[in-house]
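A.B. asks: requesting a structural model of the entry that follows:
(2 chains)
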Number of protein chains: 2
Amino acid sequence: MTPSPRRSAPPGRPRPASPLGLHRVIDPPGVLPQAAWQLDASPAIAPDEVRVRVDRLNLDAASYRQMRETYAGNPDKIRAAVLDIVAARGKMQNPVTGSGGMLTGTVEEAGPDSPLGLEPGQRIATLVSLTLTPLVITDSLCRWDARSEQVPCEGHAILFARSIAAVLPGDLPVPLSLAVMDVCGAPALTQRVVRPGDVVAVIGAAGKSGSLSAAAARRAGAARVIGVVPTEAEAALLGEAGGLAGEIVIADARDPVGLADRVAAAGGPADVTVVCVDVAGCEGGAILSTAPGGTVIFFSMATSFSAAALGAEGLAADVTMLVGNGYVPGHADFALDLIRRVPAVRALFERRVAS
Amino acid sequence: MTPSPRRSAPPGRPRPASPLGLHRVIDPPGVLPQAAWQLDASPAIAPDEVRVRVDRLNLDAASYRQMRETYAGNPDKIRAAVLDIVAARGKMQNPVTGSGGMLTGTVEEAGPDSPLGLEPGQRIATLVSLTLTPLVITDSLCRWDARSEQVPCEGHAILFARSIAAVLPGDLPVPLSLAVMDVCGAPALTQRVVRPGDVVAVIGAAGKSGSLSAAAARRAGAARVIGVVPTEAEAALLGEAGGLAGEIVIADARDPVGLADRVAAAGGPADVTVVCVDVAGCEGGAILSTAPGGTVIFFSMATSFSAAALGAEGLAADVTMLVGNGYVPGHADFALDLIRRVPAVRALFERRVAS
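C.D. replies: Next up, the predicted model:
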């Protein structure tokens, strides 16, 4: 009897791999890996997968902040929390914030059918979230002091056919490249949205995604970039990064009226407002700081969908609100180019990465 | 001594009213009414406020569904839940979903400085969310059977200077107008986004916001409207509304791969996907059903910001994702016009309102 080419694989043979990683989903079955509670992170790869020897995780800022605050900064408890999550879920996805981060490592094995073009030995960063990346940690995080979101570690991770990974550039330090790639969707989308002559407000402009977004707004031809920061210290930092933000505003982004008043005084309201701070409750202020017909781009994972939707309605604000998509074609190259060419951004990043 | 014009009002005199309603915020102080835990719903109005004698609430679908499921449909418990929320918060904002709804009533008193142009005796609907509308219920909801989100009730509500209210049209039944106005942001934004020749997928096309959005897509010149519904019964309902959706697809929107496959088979992927179902977990399917360079409009209050942002990144999907803004200038008139001119939408609405 000739087997039908469409019959399912007999028991004992591996199921065909899905480019989206559906074959790695354990619970609940049938959902995408990002939506799954638990993934199969076993090291054997399908023909279109890649296994990476992990050397560093870069946790999402909102996720790290949540754990740091929950455990009052206690390193043992923070380490245990990350280990428990990865052991239970087969991926690093904070159940409270829903967010993950990214990783670096070295390609260990690339399946013959992988379309990613990677070869064993290459040093790479993943540009898809840890929330959907099968992951095993094998060193108990013994080298992580839990004082920053950059986590040195040992273990392995799996890339699917439709994952995105970038080979780390040779001309930049790895922690710097990693920090840049982690937020590279923000400047790429900002550049796409900003038009020449726009007034752009960047909330959290002295941060990583914020400083890159400010630089991207400048490159897109913004007439004025208003950098919003929470403290005098951040203002000083941004001020030292001369020219990144033409106007620097100190305001609590969770205070909508105070924020909007200060942005207006600095030349606003904004045609485009970019939200890059990882604290909750900034939706109303961003909306109120934006001119009618303008656009708010929410990059913070602390954004509440309902607060944004109902906030705009409640303020009778005719603004376009974008969910910041972490993927824009060419985003990593664009962000790395900004880091190479805009010394102010590089200086800010180097201070962030070092501290 | 001449009092300074800027000194604060002496005790006993009312504080000046804010057009945004800041003077009604009790806890926490200084936030916008939508973000507040508790509002002051006392009936005395400021010179720019309006007091409305409430006759009906229309709860947000996600909020009603959450309460119905939590209390297993028990009417006494659902009524008690709504009464407790309004008594504690001074507004109807479901603490779980964060959402509210809208109301109808009769203008009781309009302050001399109100810019809304309302007069006592006019029958109106509020077009700002209940999440920011000071509200008192005085009849214990004794006339509500708790079997639908339309809640007959007595009480009063307060409109601020920047609130939005529409006088109910004389040519349409009130429950119909109310149901239309509750979702009128969806068709208005859909019409703005869709371009002639687009393929448009509407997830939840037999529902209220979905059927209006499908009609709006048609009016905007969509070449093909794919209506996605969860069941055979909904498909029959949509089929009877001849011509609203050229293609009808039965799929579980929470199953990304299944949804995308079926939308593709019906002529997709979509240039514009409109998410109008009030269930969680539809982000991945909507993204996966949308063509590269296309747009997803999320109108469901059950949308998770992080699931959308990370989902697109995880799928390496270059799609624009919009937070559905409930306010677009002219939205109520546009939606009422669709109801008057598109018999299929009106028929669907009348069945929804009656059932």
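A.B. asks: residues in contact with the helix or strand that contains A:R346: which ones?
C.D. replies: Here A:R346 is covered by helix A:343-354, with elements defined by DSSP states H and E. By Cβ atoms under 8 Å, 6 or more residues apart in numbering or on different chains, the list of residues contacting helix A:343-354 from outside reads A:150, A:173, A:175-176, A:179-180, A:206-208, A:211-212, A:214-215, A:237-238, A:240-244, A:338-340. Quick note: C-beta positions are derived from backbone N, CA and C, even for glycine.
A.B. asks: not counting its neighbours along the chain, what's nearest A:D76?
C.D. replies: A:A146 (7.9 Å; Cβ to Cβ, 6 or more residues apart in numbering or on different chains).
A.B. asks: also A:I26?
C.D. replies: Spatial nearest neighbour of A:I26, chain neighbours left out: A:Q38 (4.5 Å); criterion: Cβ to Cβ, 6+ apart.
A.B. asks: which positions in the helix holding A:R346 come out as buried?
C.D. replies: Across helix A:343-354, burial judged by 16 or more other Cβ atoms under 10 Å in any protein chain shown covers A:344-349, A:352-353.
A.B. asks: tell me the mean pLDDT over that helix?
C.D. replies: For helix A:343-354, mean pLDDT is 90.
A.B. asks: now do stretch A:323-335
C.D. replies: For stretch A:323-335, the per-residue pLDDT averages 91.
A.B. asks: residues contacting that stretch, please?
C.D. replies: Under the contact criterion Cβ under 8 Å, 6+ apart, stretch A:323-335 has outside partners A:125, A:127, A:129, A:164, A:166, A:180-181, A:183-189, A:191-192, A:212, A:216, A:297-300, A:303, B:298, B:305, B:308-310, B:312-313, B:315-323.
A.B. asks: of these, grab the buried ones for PyMOL.
C.D. replies: Listed next is the PyMOL selection for buried residues among the contacts of stretch A:323-335, using 16+ other Cβ under 10 Å:
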select buried, (chain A and resi 125+127+129+164+166+180+181+183+184+185+186+187+188+189+191+212+216+297+298+299+300+303) or (chain B and resi 298+305+308+309+310+312+313+315+316+317+318+319+320+321+322+323)
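A.B. asks: which ones are touching the residue nearest to A:I26?
C.D. replies: Going by Cβ under 8 Å, 6+ apart, A:Q38 touches A:25-27, A:88-90.
A.B. asks: among the residues you listed, which pair sits farthest apart?
C.D. replies: The distance between the two most remote of these (Cβ to Cβ) is 14.8 Å, for A:V25 and A:A88.
A.B. asks: okay, the two: which has more neighbours?
C.D. replies: Neighbour count, other Cβ atoms under 10 Å in any protein chain shown: between A:V25 and A:A88, A:V25 has more, with 24 against 11.
A.B. asks: and the more buried one, what are its phi and psi?
C.D. replies: Per-residue torsions, A:V25: phi -80, psi 120 (degrees, to the nearest 10).
A.B. asks: do the same with A:L59
C.D. replies: According to degrees, to the nearest 10, A:L59 has phi -70, psi 140.
A.B. asks: all strands in chain A, in order from the N-terminus.
C.D. replies: In chain A, the strands defined using DSSP state E lie at A:25-27, A:38-39, A:50-59, A:101-110, A:123-126, A:135-137, A:150-159, A:165-167, A:199-203, A:224-229, A:247-250, A:270-275, A:290-298, A:320-323.
A.B. asks: what is the mean pLDDT for the first one?
C.D. replies: Strand A:25-27 shows an average pLDDT of 95 in the prediction.
A.B. asks: and it, what other elements does it pack with?
C.D. replies: strand A:38-39 (3 or more Cβ pairs under 8 Å, 6 or more residues apart in numbering or on different chains; DSSP states H and E).
A.B. asks: pLDDT score assigned to the closest residue to chain B within the stretch 151-300 of chain A?
C.D. replies: Using Cβ to the nearest Cβ, A:G284 is the residue of the stretch 151-300 of chain A that sits closest to chain B, at 4.6 Å. pLDDT recorded at A:G284 is 92.
A.B. asks: okay, now the residue nearest to it when sequence neighbours are not counted: neighbour count?
C.D. replies: Take A:G284 and drop its neighbours on the chain: the residue closest to it by Cβ to Cβ, 6+ apart is A:P256, 3.8 Å away. Residues lying near A:P256 (other Cβ under 10 Å) number 27.
A.B. asks: pretty sure A:P256 sits against B:A36.
C.D. replies: No. Judged on Cβ atoms under 8 Å, A:P256 makes no contact with B:A36 at a distance of 11.4 Å.
A.B. asks: which parts of stretch A:197-210 are buried?
C.D. replies: Within stretch A:197-210, the residues that count as buried by 16+ other Cβ under 10 Å are A:198-210.
A.B. asks: wait, which of the contacts of A:Q38 is closest to chain B?
C.D. replies: Within the contacts of A:Q38, the smallest distance to chain B is 10.5 Å, found for A:V25 (Cβ to the nearest Cβ).
A.B. asks: quick check, the closest one in contact with A:W37.
C.D. replies: No. Look at A:V25 against A:W37 with Cβ under 8 Å: they stay out of range, at 9.2 Å.
A.B. asks: check what pLDDT the closest residue to A:A260 other than its chain neighbours gets.
C.D. replies: Closest residue in space to A:A260, ignoring its immediate chain neighbours: A:L288 at 3.9 Å, by Cβ to Cβ, 6+ apart. Note on A:L288: pLDDT of 95.
A.B. asks: go on, A:V202?
C.D. replies: 98.
A.B. asks: same thing with the one 10 residues further on?
C.D. replies: At A:L212, the pLDDT value in this model is 97.
A.B. asks: who touches it in this structure?
C.D. replies: By Cβ under 8 Å, 6+ apart, the contact set of A:L212 is A:180, A:183-184, A:186-187, A:335, A:338-339, A:345.
A.B. asks: try 6 Å
C.D. replies: A:187, A:335, A:338 (Cβ atoms under 6 Å, 6 or more residues apart in numbering or on different chains).
A.B. asks: from B:P187, how far out is it?
C.D. replies: As judged by Cβ to Cβ, to the nearest Å, A:L212 and B:P187 stand 37 Å apart.
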